[in-house]
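Asks: fold the following and give me the result.
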Amino acid sequence: MLCYYPAMAYPVYGISCRPKNKQEQEVDDFLEPSRWTSENARQLYADRRPLPEREVQACFAAEEFELAFKRADVFHELIGAHCLGTGASIKMSTADSVTDRLAVGVTRTVHGASTSSSVVTVCEVDSEVSRVTWEETSSSAWHSKFGPDASLPTVSFSLSDRKDGGTSVIFTMNWTAKTDYRPPVSGTDMRRKFHEQMEERGYSVVDRCSVAELSVAAAA
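Replies: Residues are numbered from 1 along each chain as shown. A predicted model of the protein is given here:
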């Protein structure tokens, strides 16, 4: 009696029945022992050499925005004990004492809401033209974005009067790095934060139509 049994299919490991494509075949040909020459070795390891290191380049970022408050009031708060745009915990000091105003040589330490922190040293305060400049000397987040070879930035705020009584703010940052990464600086976000803090501290917006509209947009 003839008995028929169904054929069972078993997987075969390590053997591929799929025909190799052109690239795979070229790799096999290249690695064939009979073709292994010093020239082939140089070609193989040429792709493994590290890429040339990028040169350090000067980087620059700038934003300009308007505030619906008087220039003198904005500058007063910008260099005061609770600097505009910073975290809740701030300490200012000189080599000899603690102070409550930014001035040349003053060191300001800011601890943010999270674990971030920064330390800056003031190198310019010009009340006549309402400009303040400082250099970052320590930052918990900066090098994680730009790498260990990046320099800490120099930051500047320059204020000027608007014809409608408000304030124009120009914010700049300068640093060097080996990357094209740019920090997420947003004039809109900075304006909104400055506007909210000025109102929280009791300052009134300038009573001019165009600036009043600007304050509404900033608070939206």
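Asks: can you give me the strands for this structure?
Replies: Using DSSP state E, the strands of the chain run over 57-67, 89-93, 107-111, 117-126, 131-139, 154-161, 167-177.
Asks: show me what the fourth one is packed up against.
Replies: Yep, that's strand 117-126 we're talking about. Contact here means 3 or more Cβ pairs under 8 Å, 6 or more residues apart in numbering; DSSP states H and E; on that basis strand 117-126 packs against strand 107-111, strand 131-139, strand 154-161. In short, each C-beta sits where N, CA and C put it, glycine included.
Asks: re earlier: and the strands of the chain: which comes nearest R192?
Replies: strand 57-67 (9.2 Å; Cβ to Cβ).
Asks: ok, and the closest non-adjacent residue to A72?
Replies: Ranked by Cβ to Cβ, 6 or more residues apart in numbering and with sequence neighbours excluded, the top spatial neighbour of A72 is S130, at 7.7 Å.
Asks: correct me, but the one you found touches S160?
Replies: Yes. Using Cβ atoms under 8 Å, S130 is in contact with S160, at 7.2 Å.
Asks: can you list residues touching both of the two?
Replies: R71 (Cβ atoms under 8 Å, 6 or more residues apart in numbering).
Asks: neighbour-wise, which of these two wins?
Replies: S130 (21 against 12; other Cβ atoms under 10 Å).
Asks: wait, what's in contact with that one?
Replies: S130 makes contact with 71-72, 74-75, 158-160 under the criterion Cβ under 8 Å, 6+ apart.
Asks: can you do 7 Å?
Replies: Residues in contact with S130 (Cβ atoms under 7 Å, 6 or more residues apart in numbering) are 71, 75, 159.
Asks: repeat for P153
Replies: Contacts of P153 by Cβ under 7 Å, 6+ apart are 136, 173-175.
Asks: the domain parsing of the protein - what is it?
Replies: The chain breaks down by automatic domain parsing into domains covering 20-49, 57-219.
Asks: least reliable of those going by mean pLDDT?
Replies: Among the domains of the chain, domain 20-49 carries the lowest mean pLDDT, at a mean of 57.
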